[in-house]
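Participant: Could you look at this predicted model? Sequence included:
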Amino acid sequence: MGQTKHWFFILATLKKAVGMGRIFLALCLFAGTFGGQAVAGEFLDQATQHAIAIPFGAVLSQGIQSVHVCPCGSFMTGVHIRDNRFLCEDGITDSRGGRYTPSQIRVNVSPGTSRQRYQSHGMAACPPGTAMVGLHEGKNALLCAPLETTELFVDSHTVRQNMHACPHGSVMVGIHVGRNLLLCGRPR
């Protein structure tokens, strides 16, 4: 694996995480996203959290972090940082046709001096072949899942659902919070 591709894990051994995992699975099954045809649609999410270990010394020493993530295999298309709200879209697939699983999500985080973080267009970004599914703005950590994208472009002005978002038909690949820029890509 490349030095910026780090697996995260959901803590299924903790009683609380197991309960949340069951709720997450039930919601996904209810929505028909596992084993069935998902209908694409965007929705607002401000509550879905996953407990993950962020794999860099200074951050890892702080223990397990709770990170906001789009639920049930959906991708981020917009974000309102101050209110911790995401615009998510489900039913997005690339030419491979499959949906990602939680075990395929990787963390891209600002490291200490020993490792480099993947960046593109002057901002934190998911590595090639992945797109954003979650963000911990305080830890500057992006959660990335497999999705082939093309036509990467920077967006500074599109607003949907009262938040900065990528234009319709594209997903978030990166973000520069301080400059209010999104790196967007179109699924291949």
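Facilitator: Everything's here; your move.

Participant: where do the helices sit along this structure?
Facilitator: 15-31, 57-60 (DSSP state H).

Participant: mean pLDDT for those: which is lowest?
Facilitator: Looking at the helices of the chain, the lowest mean pLDDT belongs to helix 15-31 (a mean of 39).

Participant: Now do the closest residue to Leu143 other than its chain neighbours: how many residues are near it, please.
Facilitator: Using Cβ to Cβ, 6 or more residues apart in numbering and skipping the chain neighbours, the partner closest in space to Leu143 is Gly134 (3.2 Å). Backbone N, C-alpha and C define where each C-beta goes, glycine included. Using other Cβ atoms under 10 Å, the number of residues around Gly134 comes to 25.

Participant: Do I have it right that Gly134 meets Ile105?
Facilitator: Yes - with contacts counted by Cβ atoms under 8 Å, Gly134 reaches Ile105, the gap being 7.4 Å.

Participant: so what's in contact with those two at the same time?
Facilitator: Common neighbours of Gly134 and Ile105, counting by Cβ atoms under 8 Å, 6 or more residues apart in numbering, are Val69, Leu143.

Participant: Show me where this structure dips below the pLDDT cut-off.
Facilitator: Along the chain, segments meeting pLDDT under 70 span 1-40, 50, 52-64, 110-117.

Participant: ok, now with 50
Facilitator: Applying pLDDT under 50 to the chain flags the ranges 1-39, 57-61, 112-115.

Participant: how much space between the nearest residue to Leu182 once chain neighbours are set aside and Leu183?
Facilitator: With sequence-adjacent residues excluded and distances taken as Cβ to Cβ, 6+ apart, Leu182 is closest to Asp155, at 4.7 Å. Distance of Asp155 to Leu183, given as Cβ to Cβ, to the nearest Å: 8 Å.

Participant: out of these two, which sits in the busier spot?
Facilitator: Shown here are Asp155 and Leu183; by other Cβ under 10 Å, Leu183 has more neighbours (26 against 17).

Participant: For that one, which residues are in contact?
Facilitator: 120-121, 123, 125, 152-155, 172-176.

Participant: Good, wrapping up.
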